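coordinates only, sequence not included:
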């Protein structure tokens, strides 16, 4: 870990320069979970197709044993560089196993996660889940939000910020009479922890992005841009699933405009998880074209 600490220090200045350079600029990217099957079959070939569509930024959803889609951080960084791609953010779940409450410190596994994110030049280290055990009582929940803040402190040493990505349970779960999502925002330091608002995940559970931007201005540095359609499965995501941008019920263009104006959003990430009669790659191209049509 001594060598890892030195590596973190070495990448801190590099990442900080990227972060400073990009702040204030809108970033348009795609969450690679959108093309997860293609990535599992041929990661490099899929990334080539993504780059050919016009995307300049990607967000990973695969980090296992210190490898991104089977490549080390330095290898994956070279792959992205060769294709003209950047990775401002990535998804890795920070769970209870990553915090040693006895030592009051993160485990090596989470420290390596942050180190590898810095190697890739990320701005944001995003955790896209909250352990169910942390949602049962308000005291345990608030203690875990302090771990969120501590993760923000760890990421800050490498010029990054820690972030959280919502699903739907944050909007239909309450603790002590308060919605879970409100508790997350009210118990995290905005200077250390950003919110990556998934505008689609929340919809079926009653979350409305325009209301949240108004309620918590400046708190949403990153956003998953989605559109949603009604399905017959009420038990999953409140009966909604994602579709190509502009084909669903979300006021996506209006949400993006509000996010730019007062949400503090600089990182707009297209994500589509359901495709109806289209392929994932064809959907990704349609989503990119729609963002451009909207003046992105």
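Right, received. Where do you want to start? These numbers were taken from a predicted model, which means no experiment stands behind them. Residues are numbered from 1 along each chain as shown.

use CA for all of it now, contacts and neighbours both
Noted.

What segments of the stretch 101-250 of the chain are helices?
Under the criterion DSSP state H, counting those that start in this stretch, the stretch 101-250 of the chain contains helices at 108-119, 138-156, 169-172, 180-186, 209-215.

Give me the average confidence score over the fourth one.
Which is helix 180-186. Confidence over helix 180-186 (mean pLDDT, whole number) is 98.

got it, and the first one?
Predicted confidence along helix 108-119 averages 98 (mean pLDDT).

and it, which residues are buried?
110, 111, 112, 113, 114, 115, 116, 117, 118, 119 (16 or more other CA atoms under 10 Å).

Now distance to residue 253 too, for those residues, in CSV please.
As requested, the buried residues of helix 108-119 are arranged in CSV below (distance: CA to CA, whole Å):
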residue, distance to residue 253
110, 36
111, 38
112, 37
113, 34
114, 33
115, 35
116, 34
117, 30
118, 32
119, 34
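
rewinding a little: return the most buried member of the helices of the stretch 101-250 of the chain.
helix 108-119 (a mean of 22; mean count of other CA atoms under 10 Å).

ok and it relative to helix 138-156, angle-wise?
Inter-element angle recorded for helix 108-119 and helix 138-156: 40 degrees (by axes from the mean of the first three to the mean of the last three CA atoms, to 10 degrees).

Check which helices and strands helix 108-119 sits against.
Using 3 or more CA pairs under 8 Å, 6 or more residues apart in numbering; DSSP states H and E, the elements in contact with helix 108-119 are helix 2-22, helix 73-82.

Return the member of those having the minimum mean pLDDT.
Mean pLDDT per stretch puts helix 2-22 lowest among those, at a mean of 42.

what's the offset of the next helix or strand along the chain from that helix from the middle of its chain?
Downstream of helix 2-22, the next assigned helix or strand under DSSP states H and E is strand 27-31. Its chain's C-alpha centre and that of strand 27-31 lie 10 Å apart, by CA atoms, centre = their mean, to the nearest Å.

Who's the closest spatial neighbour of residue 92, skipping the chain neighbours?
residue 127 (5.2 Å; CA to CA, 6 or more residues apart in numbering).

So what's the residue count around the one you found?
Using other CA atoms under 10 Å, residue 127 has 20 other residues around it.
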